[in-house]
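Trainee: structure for the following, please:
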Amino acid sequence: MDYSKYKYIDGAMFETFVRSGASRLKQNIDEINDLNVFPIPDGDTGDNMYLTLDGGLREMEREQSQILWKKARALADGMLLAARGNSGVILSQIFAGINCGLKEKEQVTLGELTEAFQAGVERAYDTVQAPVEGTILTVARESVQLLHFTDEDTTLGEYAAHLVEVMHDSLSNTPELLEVLKEAGVVDSGGAGLYMIAEGAAEAVRGSAVEESDAPAAASAPKLDLNLFTEDSVLEYGYCTEFLLRLMRSKVDVEQFDEQVIIDHLSTLGDSIVAFKDGSIVKVHVHTMTPAKALDFCQQFGEFLTVKIENMMLQHNNQMEHLEEEKEDPKAEKSMAEIPTVKKKRCRYATCVVASGDGIKDVFREMGANEILEVGQGKNPSIQDFIDCFDRLNADAVFVFPNNANIFLAAQQAAEMYRDSEIHVIPSRSLGQAYTAMSMLDISFDTPEEVEKNFISNMEYAATGMVCRASREYNSHELSVTEEDYVGFTDRKLLCSSPDKVTALRDLCVKMDIADREIATVIYGEDASEQDREKAKELFHREWPSMEYYEIDGQQELYDYIVILE
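Mentor: Numbers count the residues shown, from 1 in each chain. All right, here's what the predicted structure looks like:
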């Protein structure tokens with residue numbers, strides 16, 4: 001049904017709009033989750049907001065009356081109990097405030113609806129201990145402020161369209177208000193979730209409600225790979241700790257209890273604190289390294305109805321793993337809804353390295369590479385890939401390491417075409433050259449020309465060789481190769497062959513004048529066994545015992561070993 005010409009909202013319409021908003025949010029859960037990888041923590045914002053709203057919808061469905069205020073009350077009560085995560089708790093308080101603003105009305109005008117939205121914003125701000133601008137709070141506040149244009153002639157269609165427009169603008173501006181968003185080149189995840197709810201509601205107003213069947217399977221607590229937090233990991237981000245506390249008359253004066261006593265104590269234990277009282281229930285959210293201390297303190301006032309404690313480092317590691325998988329799956333289905341995209345904060349210098357293999361890419365990131373472009377069999381980066389990369393980097397000067405003669409030309413052409421940054425294509429024809437240059441990364445020079453000169457100078461120290469299975473037979477007066485052999489080569493020059501890969505590695509190193517070198521780094525391919533690694537290590541310790549030896553689990557395809565000699 002098309003509600004565009006209506007000038008009021010009743011209970012049935014309210015439920016339809018909220019359900020459509022929830023379905024649109026559901027469609028975008030993954031995209032919203034991905035926004036909050038930077039800087040940390042709640043990398044499950046999309047899940048948390050949807051599960052919070054879904055809890056309210058279930059309670060609203062149980063409310064048989066179609067009267068507006070009863071539907072709004074049921075929604076708010078259900079969201080309170082289901083609220084998860086910082087953004088989920090704030091979302092629940094926005095709708096709790098809306099419920100209060102609707103008072104006991106069976107239907108409201110659009111002006112009264114705006115006043116209810118305003119009450120929701122005020123309640124959300126009051127709930128958060130230290131409100132931060134550039135978050136869901138800002139998006140809600142700025143959107144409501146711009147809705148006060150409403151008069152008696154405004155239609156619901158105009159109202160909804162204006163709400164989506166101003167919310168989109170506010171969301172797009174969040175990186176200008178919050179430095180960590182600008183540095184990462186993303187908008188606020190909680191604000192994006194709120195925008196999706198508004199967009200879905202607006203579609204329902206136009207008669208095109210997003211149906212539950214149009215959205216992906218119901219969200220649930222994501223499966224975590226526990227191996228991503230091992231006995232050697234370091235807990236950097238603490239625990240996302242949430243609970244519902246029922247105040248007990250045997251412990252406190254329930255009516256007079258002030259939740260500020262909880263907020264003040266939690267401030268000494270952590271941050272991202274949200275605590276509010278609703279009747280005899282206190283909802284608490286905090287990020288802390290010591291959740292037991294938070295629970296022990298609060299239990300003196302009551303008993304817990306629910307408790308959730310999540311390792312945010314594990315959440316973060318799983319989210320990064322998910323992002324990597326998504327990047328490597330270009331066919332992954334994307335939502336039709338649009339979340340605003342923004343560039344990273346403009347920086348002076350940035351680096352782009354072409355590489356393959358998860359281990360190698362991780363090493364370059366640790367060295368300071370700002371972007372990694374994937375390379376491999378049949379998937380060399382195109383000119384457009386380079387241009388898109390330059391856009392993402394948003395730097396005054398970008399230094400590109402092609403690391404392959406076949407890729408060098410595409411990088412150069414992209415550099416010539418690009419106008420928004422000064423592009424310097426470093427003449428690296430091998431992985432080892434980039435590895436050596438990046439290992440001595442120094443961008444403290446006054447001019448990009450000096451940075452480039454330093455990179456090129458450092459590359460001169462490296463020689464790179466590869467060992468892989470021969471792709472065909474080959475015969476010359478120097479070498480005879482069968483398809484069963486392993487070959488060693490450098491710069492496209494075939495140097496040796498052997499039925500044994502470690503022997504091929506040894507012969508390759510000799511041909512590369514290893515006696516004149518001091519450091520050897522061996523990078524293992526994706527199919528390298530533990531035995532292959534041990535044999536390579538034994539080779540270097542036996543043949544060249546005085547040489548510094550390093551190894552990397554590169555996980556690259558095609559090459560069993562890549563050796564870098566410096």
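Trainee: which residues are contacting the host helix or strand of Val286?
Mentor: Here Val286 is covered by strand 281-288, with elements defined by DSSP states H and E. If you take C-beta atoms under 8 Å, 6 or more residues apart in numbering as the criterion, strand 281-288 is touched by 41, 80, 83, 85-86, 89, 92, 237-247, 257, 259, 262, 266, 269-276, 294, 298, 301-302, 305, 312. For every residue, glycine as well, the C-beta is placed using N, CA and C.
Trainee: which members of the residues you listed are classed as buried?
Mentor: Buried by 16 or more other C-beta atoms under 10 Å: 41, 80, 83, 85-86, 89, 92, 237-245, 247, 257, 259, 262, 266, 269-270, 272-276, 294, 298, 301-302, 312, out of the contacts of strand 281-288.
Trainee: hmm, back to that, the strand holding Val286: how far from the chain's middle?
Mentor: 24 Å (C-alpha atoms, centre = their mean, to the nearest Å).
Trainee: helix or strand next in line after it, which one?
Mentor: Assigned by DSSP H and E, the successor of strand 281-288 is helix 291-298.
Trainee: for that next one, what does the pLDDT average out to?
Mentor: Average pLDDT, helix 291-298: 96.
Trainee: mind giving me the packing neighbours of it?
Mentor: strand 239-247, helix 260-266, strand 281-288, strand 302-311 (3 or more C-beta pairs under 8 Å, 6 or more residues apart in numbering; DSSP states H and E).
Trainee: and the ones you listed: which comes nearest Thr138?
Mentor: Thr138 sits nearest to strand 281-288 of all the helices and strands packed on helix 291-298, at 18.8 Å, using C-beta to C-beta.
Trainee: parallel or antiparallel, list what pairs with the closest one.
Mentor: strand 239-247 (antiparallel), strand 270-278 (antiparallel) (DSSP bridges).
Trainee: tabulate these in TSV, adding columns for mean pLDDT.
Mentor: What follows is the strands paired with strand 281-288, written out as TSV (pLDDT from 0 to 100):
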stretch	mean pLDDT
strand 239-247	92
strand 270-278	87
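Trainee: could those strands go into JSON lines alongside distance to Asp513?
Mentor: Shown next, in JSON lines, are the strands paired with strand 281-288 (distance: least, C-beta to C-beta, whole Å):
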{"stretch": "strand 239-247", "distance to Asp513": "54"}
{"stretch": "strand 270-278", "distance to Asp513": "56"}
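Trainee: how about the helices and strands packed on helix 291-298, which one is nearest Leu431?
Mentor: strand 302-311 (34.9 Å).
Trainee: from the contact counts, what lies against the closest one?
Mentor: Applying 3+ C-beta pairs under 8 Å, 6+ apart, one finds that strand 302-311 contacts strand 239-247, helix 291-298.
Trainee: at 6 Å what do you get?
Mentor: Contacts defined by 3 or more C-beta pairs under 6 Å, 6 or more residues apart in numbering; DSSP states H and E place strand 302-311 against strand 239-247.
Trainee: buried stuff in stretch 539-550?
Mentor: Buried-residue list, stretch 539-550, by 16+ other C-beta under 10 Å: 539-540, 544, 547.
Trainee: and which of those is nearest Met167?
Mentor: Nearest member of these to Met167, counting by C-beta to C-beta, is Phe540, at 60.1 Å.
Trainee: got a list of what that closest one touches?
Mentor: By C-beta atoms under 6 Å, 6 or more residues apart in numbering, Phe540 lies in contact with 520, 549.
Trainee: mind checking the pLDDT average for stretch 425-436?
Mentor: In this model, stretch 425-436 has an average pLDDT of 91.
Trainee: pull out the buried positions in that stretch.
Mentor: Those would be 425-426, 428-436, for stretch 425-436 by 16+ other C-beta under 10 Å.
Trainee: which members of the residues you listed occur in helices, if any?
Mentor: Applying DSSP state H to these, the entries found in helices are 431-436.
Trainee: what's the closest of those residues to Asn99?
Mentor: Ala434 (58.0 Å).
Trainee: apart from its neighbours in sequence, what residue is nearest the closest one?
Mentor: Phe401 (4.0 Å; C-beta to C-beta, 6 or more residues apart in numbering).
Trainee: next: Gly368.
Mentor: Nearest one to Gly368, counting by C-beta to C-beta, 6+ apart, is Leu441 at 4.9 Å.
Trainee: isn't that neighbour right up against Ala369?
Mentor: No - checked against C-beta atoms under 6 Å, the pair Leu441 and Ala369 is beyond contact range at 8.6 Å.
Trainee: who has more neighbours, those two?
Mentor: Set Leu441 next to Ala369 and count neighbours by other C-beta atoms under 10 Å: Ala369 wins out with 21 against 17.
Trainee: and the more buried one, how far from Glu557?
Mentor: 20 Å (C-beta to C-beta, to the nearest Å).
Trainee: what's the answer for Ser272, then?
Mentor: For Ser272 relative to Glu557 (C-beta to C-beta), the value is 41 Å.
Trainee: and for Leu181?
Mentor: For Leu181, the distance to Glu557 - C-beta to C-beta - is 35 Å.
Trainee: looking at this structure, which residue lies furthest from center?
Mentor: Taking C-alpha atoms, centre = their mean as the measure, the residue most remote from the mean C-alpha position of the chain is His477, 55.0 Å away.
Trainee: for Asp30, which non-adjacent residue is spatially closest?
Mentor: Using C-beta to C-beta, 6+ apart and skipping residues adjacent in sequence, the residue nearest Asp30 is Gly46, 6.6 Å away.
Trainee: repeat for Val210
Mentor: Per C-beta to C-beta, 6+ apart, closest to Val210 is Ser23, 3.9 Å.
Trainee: Asn454 now?
Mentor: Nearest to Asn454 is Asp442, by C-beta to C-beta, 6+ apart, at 5.8 Å.
Trainee: element containing the one you found?
Mentor: Going by DSSP H and E, Asp442 is not part of any helix or strand.
Trainee: the one 10 residues further on too?
Mentor: Secondary-structure element containing Glu452, defined by DSSP H and E: helix 448-459.
Trainee: in that helix, which residues are buried?
Mentor: 448, 451-452, 454-455, 458-459.
Trainee: contacts for that helix?
Mentor: 397, 422, 424, 426, 433, 436-437, 440, 442-443, 445.
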